[in-house]
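Q: Show me the folded form of this:
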Amino acid sequence: MRRLLWLLPAFALLALPARGGAPEWTLEGAFGYSAVLNAPLTIHQAGQPDLHFTAHYEGRPFESPPFYILRLGRWQDGRAWEVEFQHQKLYLVDRPPEVGSFSISHGYNVLSGQRAWERGRTIYRLGAGIVASHPESVVRGRQLDPSGGVFGTGYYVSGPALVAGIGQRWPIGRRWFVHWNVEVTAAWTRVPISGGDAEGATVSVNLLAGLGRRFPARGTPPP
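A: Okay, the predicted model is just below:
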């Protein structure tokens, strides 16, 4: 997380004036592949020694529900403010013997606000947000109660996240376009287990492709 913060000055340079244009909204969706990098994980459980180890995760992006993003943005003069929802999954593999299972398969969801800049056909993004997760685990034979979390849904607000990305889009008509994106998502999360919690960093590299549509902002004359 601290290392990613050093990207902020570089992305700030992208806020220099760009080509003009009328304001418009964009709505995008995409599917793709998510590679989750190995990262430190610490498990705390009452009355037991802490477990410190390097977590080896699988994202399994093509298993139902698949890895996807949804993004809404408002563009003007080659720049935009966007809101993005990212749905991932995490499965801990090569677990220590004390951990019977550990996954966040109903959603490791990242909701972020982003600033985007367009240079030619290339779009750069930098954003920050929160992680909402639905953990499932069995640690030392104790299973996490699935009825906890916000309103008993099993979902928890789990920590902050940063998102950085680059992509391109190509028009396929007056309003529609196809796009690809490469995004890096880094987060520090704490999720509950039975009698304690698990905390650590997660970093994923995401390759996405999808479809989008442009909408004129209110009061903008049609092209």
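
Q: can you pull out the helices in this structure?
A: 2-5, 7-12 (DSSP state H).

Q: what pLDDT does Pro216 get?
A: If you check Pro216, the pLDDT there is 88.

Q: One more: Leu13?
A: Confidence score, pLDDT, at Leu13: 39.

Q: Kindly report the same for His179.
A: pLDDT, His179: 97.

Q: Burial check on it, number of neighbours?
A: 19 (other CB atoms under 10 Å). For the C-beta atoms, the positions are set from N, CA and C on the backbone; glycine is no exception.

Q: Same question for Gly32.
A: Gly32 has 19 neighbours, counted by other CB under 10 Å.

Q: try Ser105
A: If we define neighbours as other CB under 10 Å, then Ser105 has 15 of them.

Q: Would you check that it makes contact with Lys89?
A: Yes - between Ser105 and Lys89 there is a contact under CB atoms under 8 Å: 5.0 Å.

Q: Now the common contact residues for these two.
A: Taking CB atoms under 8 Å, 6 or more residues apart in numbering as the criterion, Ser105 and Lys89 do not both touch any residue.

Q: Tell me if I'm right that Val99 and Arg142 touch.
A: No - in this structure Val99 lies outside contact range of Arg142 using CB under 8 Å: 10.8 Å.

Q: For those two, indicate the residue with more neighbours.
A: Val99 (20 against 16).

Q: Low-confidence stretches in this structure?
A: Residue ranges of the chain with pLDDT under 70: 1-21, 219-223.

Q: make it 90
A: Applying pLDDT under 90 to the chain flags residues 1-22, 64-65, 94, 105-107, 120-121, 173-174, 216-223.

Q: Tell me where it has strands.
A: Per DSSP state E, the chain carries strands over the ranges 24-36, 39-45, 51-58, 68-76, 79-93, 99-119, 122-133, 136-139, 142-143, 156-171, 176-193, 196-216.

Q: Which other helices and strands does the second one contact?
A: Just to be clear, that refers to strand 39-45. Other helices and strands packing on strand 39-45, by 3 or more CB pairs under 8 Å, 6 or more residues apart in numbering; DSSP states H and E, are strand 51-58, strand 196-216.

Q: Show me the one of those strands that comes nearest Phe151.
A: strand 196-216 (19.7 Å; CB to CB).

Q: In that closest one, which of the residues would be classed as buried?
A: Buried residues in strand 196-216, counting neighbours by 16 or more other CB atoms under 10 Å, are found at 196-200, 202-204, 206, 208, 210, 212, 214.

Q: Take the helices and strands packed on strand 39-45 and write them to TSV, including distance to Glu82.
A: As requested, those are exported to TSV (distance: least, CB to CB, whole Å):
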stretch	distance to Glu82
strand 51-58	27
strand 196-216	11
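
Q: Tell me which of those sits nearest to Gly113.
A: Of all the helices and strands packed on strand 39-45, it is strand 196-216 that lies closest to Gly113, at 17.5 Å by CB to CB.
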